[in-house]
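Undergrad: sequence and predicted structure below; questions after.
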Number of protein chains: 2
Amino acid sequence: METDLTNVENMRAVGLRPTRQRLALARLLFGHGNQHVTAETLFERAQMAGIKVSLATVYNTLHQFTDAGLLRQVMVDTPRSYFDTNITDHHHFYFEDTGKIADIPHDRINQQINDISPTILPAGTSLSRVDVVVRLRGAE
Amino acid sequence: METDLTNVENMRAVGLRPTRQRLALARLLFGHGNQHVTAETLFERAQMAGIKVSLATVYNTLHQFTDAGLLRQVMVDTPRSYFDTNITDHHHFYFEDTGKIADIPHDRINQQINDISPTILPAGTSLSRVDVVVRLRGAE
DNA sequence: TTCACTGCAAATGATTTGCAAAGCA
DNA sequence: TGCTTTGCAAATCATTTGCAGTGAA
C-alpha cells in the first residue's frame, strides 16, 4: 500500500499543508483504487462530490502530488495529460477510439524493458523512466 | 527508401495536390535525412529558407503527411507534439533537460516489444502501434 | 502574525477554424 | 471553371500566472 494521503499526517509528511482542498482531492484520487484522471475529470468529480475547489487548484494539486511521487503523469494524447494513481513500474494501453487509457495488467513488457534499457543509454545520461504505450484500435 | 515526396508525381500518388508549399515543406522534411520537427520548428526553418508559407499551412501539411503515413507523430511532452520523418518501427529517447527527442538507434527494445505485444491485447482490440519513450536525465 | 494556499480572471502557448482570396486541374 | 488549398485573424482548448483574499501554523 502506498502513502495514504487522505489523512493530515501523511499530507504533512510529503511536505504539503493539509488544506481542505488537498485532503478532499486526495480522497477522490486515492480512496477508490487506481485510476487515471485529467485535471478536467478530477475537477468535475470534485464538483459532483460537492467539493468547493477551483480548476487552478486542481492543476496545482495534481502537480504537487506528482512532484511528491504520489502520481505519475502519462502523456499519450495532445494536448491533454493524464495522471495515474498507480505509481508502480507499469505501462499503458491507449484506446485510440475513445481516448482512454488503462494500465497493462500482468506486466510482461515491464521486465523486458527494464532489462534492456540500461544497456542502451547514451553516454552522460541516466535513466529517468521508460514509458511504454500500447496503442489499440477497437473496443474499449 | 521511402516515398520521395519532393517530386510532383509522388505527391499526387499519396492523394495530395503538389502545391508550392507542400513540395517545399516535403523538401525540408525528407531531403536531409531523418529528423524530428514541431510545427514551430518547421515553420522557422521554412522562413529561413525563404519559403512563403503560413503556420496554419504547416500544421495542415504535417497532419496530411502523417495521415498519408509519411510522418509519425510522437508525443512525449505536453502540449507540443513532434513529427518524425522516420516511420520505420523504432522508439525514442526523450531528454528531459532539453526537451528534445532522438531515435533509439540499433533497436533492441523494438524486437522484444514486437514479440510481446500481441500476446497481451485485450479482447476485441487490435494493435495500432507501440510507443516506447526512454526518458533520460543529463547531457543531450 | 506570517507565509503558504486558494480562487478568480486574465494571460499564455499550441493548435484549429472560418472564410475570402489564390492556385491547381 | 470548379474544387482545393492557402493565409490571415479570430477562436479554442488545456494550462499557467498574477494577485488579492483566505487559511493554516
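TA: Here it is on my side, so go on.

Undergrad: count the neighbours of residue A:48 for me.
TA: Residue A:48 is flanked by 9 other residues according to other C-beta atoms under 10 Å in any protein chain shown. Every C-beta, even on glycine, is put in place using the N, C-alpha and C of the backbone.

Undergrad: with residue A:69 instead?
TA: Quick note: residue A:69 (other C-beta under 10 Å) scores 11 neighbours.

Undergrad: residue A:135 reaches residue A:97, doesn't it?
TA: No: between residue A:135 and residue A:97 there is no contact under C-beta atoms under 8 Å: 10.5 Å.

Undergrad: dig out what the residue nearest the centre of chain A forms beta bridges with.
TA: The residue lying closest to the centre of chain A (C-alpha atoms, centre = their mean) is residue A:84, at 2.0 Å. Under DSSP bridges, the beta-bridge partners of residue A:84 are residue A:36, residue A:72.

Undergrad: who has more neighbours out of residue A:135 and residue A:97?
TA: Legend: neighbour count by other C-beta under 10 Å for residue A:135 and residue A:97, higher for residue A:135 (16 against 12).

Undergrad: how close does the more buried one get to residue A:35?
TA: 20 Å (C-beta to C-beta, to the nearest Å).

Undergrad: now swap in residue A:5 and tell me
TA: 14 Å.

Undergrad: what's the answer for residue A:11, then?
TA: In terms of C-beta to C-beta, residue A:11 sits 19 Å off from residue A:35.

Undergrad: quick one, which of these two is more surrounded?
TA: Neighbours per residue (other C-beta under 10 Å) separate residue A:11 from residue A:35, with residue A:11 holding more: 20 against 17.

Undergrad: any idea how far the more buried one is from residue B:43?
TA: Counting by C-beta to C-beta - residue A:11 and residue B:43 are separated by 45 Å.

Undergrad: check which residues of stretch A:36-44 are buried.
TA: A:36-39, A:42-43 (16 or more other C-beta atoms under 10 Å in any protein chain shown).
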